[in-house]
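> Quick one, fold the following:
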Amino acid sequence: MKLDIAKLKLCDHCLGRLYGLRGHGLGNEERGRAIRIVYAMENNIDIEELYPEKCELCGGIFERLDDYARYVVEKIKEYEFNTFLIGSKFSEEILKKEKELQEIVGEEGESIGREFNREIGKRVMELTGKEPDLKDPDIAIIIDTRYDDIKLEIKPLLIYGRYRKLVRGIPQTKWPSGKYKESVEEIIAKPVMEMSRGEEHALHGMGREDIDARMLGNGRPFILEIKRPRRRNIDLKEVERRVNLSGKVEIFDLRFAYKDEIVKLKEAEPRKRYRIAINVDAGEDEIRDALKELIGKIKQRTPTRVKHRRADKIRIREVYDAKLVEKKNDMAVIEILAESGTYIKELMHGDDGRTQPNLAEKLGKKVEVKWLDVIEILDSEKLN
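Numbering: from 1, shown residues only. Below you'll find the predicted structure:
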């Protein structure tokens, strides 16, 4: 034994923790008690003489484990959760002294934070009936022992689904300036916020459509993120019912999601099928012939309409199919299958040559876009 137990003013927890790699099957408090007993017997000392009035390392923190646990339970009682994780912060003074003692012993122990977290975790589990989770807890509880303060990190509630935007004139996400009074995000989030009692929300979509475009067909995959929810077990069928009553947005295929799915959703680059209506003074055969010349690789410089908020550069995209669906007077409806990120309106009117090739150039006539719909997103539908 490298330390003189009689000179140390440590509680059983802190003494036992210094020798945490010895005496398997014992908790640190039991180990510390055993070490003290052996020392007292070897030196013919009354064991009670070896106990300090106050531990010089932890300052008596381990005498207050039950109090901390009750404080934690009180703090988290308004949140619904299934799993939790305990974390902690200790003063630099405590950590420095523990390191000095560990160096004398020979790095045979564990840290004060690890033991504290474990012991509080046991008590919280007994009081709540919930299970600890070291990787992905619903709620992380950080106890700052320096100030007897507790901070909570609440795992966001994530809901995957697909949406159809049935009307034009609303953006996908909430508009910072308040120019648009509602968005797809806000319509979907409203019932979820009410049911989960969350504090904020965000919508992560697999791409986005223009404000004046509808999203139809098989719908756009999305994940709705609710921050700091107080309720997690919400009825997704009821969420779907309430949103669909709006008449503006429809959602379906709802399920709970995971954080890593957001990255996969954002990184996905599915092909998309569009229908676009244009006004042009050209015959059907002219339009069909011109559309054939658009199939293949195209070059698109950032459109004039969005260059104020996006980098002005040239992007190479591919058009897989382009066909005339309907022609009535001067209006033509065209269906386009293109690579993700293709600017379809500019493919039609050319944007003063910023998109090459384009339909207006091939026809040698002015093309005016009337409306645009996304009618299919060809994704795998498998994120996890």
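> and Ile377, which of the three is it?
strand (DSSP: H, G, I helix; E, B strand; the rest coil).
> Hmm, it is touching Gly219, no?
Yes: Ile377 lies in contact with Gly219 (CB atoms under 8 Å); the separation is 7.4 Å. Glycine gets a C-beta too; all of them are placed from N, C-alpha and C.
> Please enumerate the strands of the chain.
83-89, 131-132, 139-144, 149-154, 157-165, 200-205, 213-227, 249-256, 271-279, 296-301, 314-328, 331-338, 355-356, 368-378 (DSSP state E).
> Residues in contact with the last one: which ones?
Around strand 368-378, the neighbours that count as contacts under CB atoms under 8 Å, 6 or more residues apart in numbering are 168, 206-207, 209-210, 212-221, 270-280, 331, 335, 344-345, 348-349.
> can you do 7 Å?
By CB atoms under 7 Å, 6 or more residues apart in numbering, the residues outside strand 368-378 that reach it are 206, 209-210, 213-218, 220, 270-279, 331, 344-345, 348-349.
> Over to the fifth one?
Contacts to strand 157-165, defined as CB under 7 Å, 6+ apart, come from residues 184, 188, 192, 196, 198, 209, 214-216, 218-226, 229, 232, 236, 249-259, 261, 383.
> Enumerate the positions of the longest helix along the chain that are buried.
If you go by DSSP state H, the chain has its longest helix at helix 112-128. Neighbour counts over helix 112-128 (16 or more other CB atoms under 10 Å) mark Ile112, Gly113, Glu115, Phe116, Asn117, Glu119, Ile120, Gly121, Arg123, Val124 as buried.
> In JSON lines, list these along with pLDDT and distance to Lys307.
Formatted as JSON lines, these follow (pLDDT from 0 to 100; distance: CB to CB, whole Å):
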{"residue": "Ile112", "pLDDT": "96", "distance to Lys307": "57"}
{"residue": "Gly113", "pLDDT": "96", "distance to Lys307": "52"}
{"residue": "Glu115", "pLDDT": "96", "distance to Lys307": "58"}
{"residue": "Phe116", "pLDDT": "97", "distance to Lys307": "55"}
{"residue": "Asn117", "pLDDT": "98", "distance to Lys307": "52"}
{"residue": "Glu119", "pLDDT": "96", "distance to Lys307": "59"}
{"residue": "Ile120", "pLDDT": "98", "distance to Lys307": "55"}
{"residue": "Gly121", "pLDDT": "97", "distance to Lys307": "54"}
{"residue": "Arg123", "pLDDT": "97", "distance to Lys307": "59"}
{"residue": "Val124", "pLDDT": "98", "distance to Lys307": "54"}
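> Out of those residues, flag the one nearest to Glu42.
Glu115 (26.1 Å; CB to CB).
> Out of the strands of the chain, flag the one nearest Glu107.
Per CB to CB, nearest to Glu107 of the strands of the chain: strand 83-89, 20.7 Å.
> Just the C-alphas of that closest one, formatted as CSV.
Coordinates of each C-alpha in strand 83-89 appear next as CSV, following Å, rounded to 0.1, in the frame of the first residue of the first chain:
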residue,chain,number,x,y,z
THR,A,83,-33.9,6.3,-21.0
PHE,A,84,-31.5,8.7,-19.3
LEU,A,85,-27.8,9.4,-18.8
ILE,A,86,-26.1,11.1,-15.8
GLY,A,87,-23.1,13.4,-16.3
SER,A,88,-21.3,15.6,-13.8
LYS,A,89,-18.9,18.4,-13.4
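> Would you mind listing the buried residues in that strand?
For strand 83-89, by 16+ other CB under 10 Å, it's Thr83, Phe84, Leu85, Ile86, Gly87, Ser88.
> what does stretch 179-197 contact?
Stretch 179-197 is contacted from outside by 157, 159, 163, 165, 170-175, 201, 203, 224, 226, 229-231, 234, 239, 242-243, 246, 248-249, 251, using CB under 7 Å, 6+ apart.
> For ChimeraX, write the selection for the buried entries among those residues.
Only the buried entries of the contacts of stretch 179-197 go into this ChimeraX selection, using 16+ other CB under 10 Å:
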select :157,159,163,165,170,171,172,173,174,175,201,203,224,226,229,231,234,239,242,243,246,248,249,251
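> Show me the domain layout of this structure.
As assigned by automatic domain parsing, the chain contains the domains 12-154, 157-263, 271-378.
> possible to save those domains as CSV with distance to Ala6?
Shown next, in CSV, are the domains of the chain (distance: least, CB to CB, whole Å):
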stretch, distance to Ala6
domain 12-154, 6
domain 157-263, 51
domain 271-378, 71
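> And Pro171, how far from Leu363?
For Pro171, the distance to Leu363 equals 32 Å [CB to CB, to the nearest Å].
> got a pLDDT number for the residue lying farthest from the centre of the chain?
Most distant from the centre of the chain: Asn44, at 60.7 Å, with distances by CA atoms, centre = their mean. At Asn44, the pLDDT value in this model is 88.
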